[in-house]
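Enquirer: got a predicted structure here, sequence first:
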Amino acid sequence: MTHLDVELKRLKDESVELFELVISQLRKGRIALLDFDKDLAREVNFNEKRVNALELKIDKDCENIFALFNPVAIDLRFVLAVLKINSNLERIGDIADGIARYVIEADAPFHGDLLKVTRLDEMYTLAIEMLEDVRKCFNEEDTRLARGVFKKDDVLDDINGSANRVVEALIRKEAEHIAPALHIISTIRKLERTGDQVKNIAEEIIFYLEAKVLKHGSGKVIED
């Protein structure tokens, strides 16, 4: 194993660690929201510092690999992909932290009717599942599941698209739901953005493994 191979393996291990940490943040945020667990929400808030620290460490390691080894071909694509995936994961961590803050600031649990009609739990569960899928793809170097997240993201978009309508209808019947409804809408928007970040990660994995650029509808192949 060359020195470059050792550094690339370390970088991959750190990236998988960040995947696991961010997935844990989303899972705990979901439980905190559904169970109105302020202590768990505060734990998510506290662990955001760990997410940020690991993101900075990965960035620095990528810079060192560029400076010391001048990687080419698939090694270059891997480091470039990790840089972008690292940023996407940090943003998802921010989203988990933001949702946890809603729980900390709320005066009472979110009404069951609101959670049901907005399909918030379904959306949260699917967002976590999508992130778990791309984590597995990255770790096992398999693009099959990466492509599957694009269809799942369509479901997140559908739920997000109907959120305003269903919340407005509920508020018209029960005006006391206005304040928590605003938190629910904001959470749905954040989860929709989570789906976008996961899609970006999937595109980077495909770029790294298949040398294909999918952004902006491009199917361009990068020659090694």
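Expert: Great, that's in hand.

Enquirer: would you mark the buried spots in stretch 107-123?
Expert: Buried positions in stretch 107-123, judged by neighbour count with 16 or more other Cβ atoms under 10 Å: 110-111, 114-115, 117-120, 123. To be clear about C-beta, it is placed using only N, CA and C from the backbone, and glycine gets the same treatment.

Enquirer: low-confidence bits of the chain, can you list those?
Expert: Scanning the chain for pLDDT under 70 picks out the ranges 174-177, 215-224.

Enquirer: where do the strands of it begin and end?
Expert: Listed in chain order, the strands found in the chain under DSSP state E are 212-213, 220-221.

Enquirer: got the buried residues for stretch 10-28?
Expert: Neighbour-count burial for stretch 10-28 flags 11, 14-15, 18-19, 21-28 (criterion: 16+ other Cβ under 10 Å).

Enquirer: which ones among those map onto helices?
Expert: Members of these lying in helices (criterion: DSSP state H): 11, 14-15, 18-19, 21-28.

Enquirer: distance-wise, check the residue nearest the centre of the chain relative to residue 11.
Expert: By Cα atoms, centre = their mean, the chain has its centre lying nearest to residue 92, at 4.0 Å. According to Cβ to Cβ, to the nearest Å, residue 92 and residue 11 sit 19 Å apart.

Enquirer: ok, the buried residues of stretch 10-28 vs residue 73, which is closest?
Expert: Within the buried residues of stretch 10-28, distances to residue 73 taken as Cβ to Cβ reach their minimum at residue 11, with 16.1 Å.

Enquirer: please report how far that closest one lies from residue 98.
Expert: When residue 11 is compared with residue 98 (using Cβ to Cβ), they lie 28 Å apart.

Enquirer: got it, and residue 64?
Expert: Using Cβ to Cβ, one obtains 31 Å as the distance from residue 64 to residue 98.

Enquirer: any chance of the buried residues of stretch 10-28 in JSON lines, plus distance to residue 46?
Expert: Putting the buried residues of stretch 10-28 into JSON lines (distance: Cβ to Cβ, whole Å) gives the following:
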{"residue": "11", "distance to residue 46": "26"}
{"residue": "14", "distance to residue 46": "21"}
{"residue": "15", "distance to residue 46": "22"}
{"residue": "18", "distance to residue 46": "17"}
{"residue": "19", "distance to residue 46": "19"}
{"residue": "21", "distance to residue 46": "12"}
{"residue": "22", "distance to residue 46": "15"}
{"residue": "23", "distance to residue 46": "17"}
{"residue": "24", "distance to residue 46": "12"}
{"residue": "25", "distance to residue 46": "10"}
{"residue": "26", "distance to residue 46": "15"}
{"residue": "27", "distance to residue 46": "15"}
{"residue": "28", "distance to residue 46": "11"}
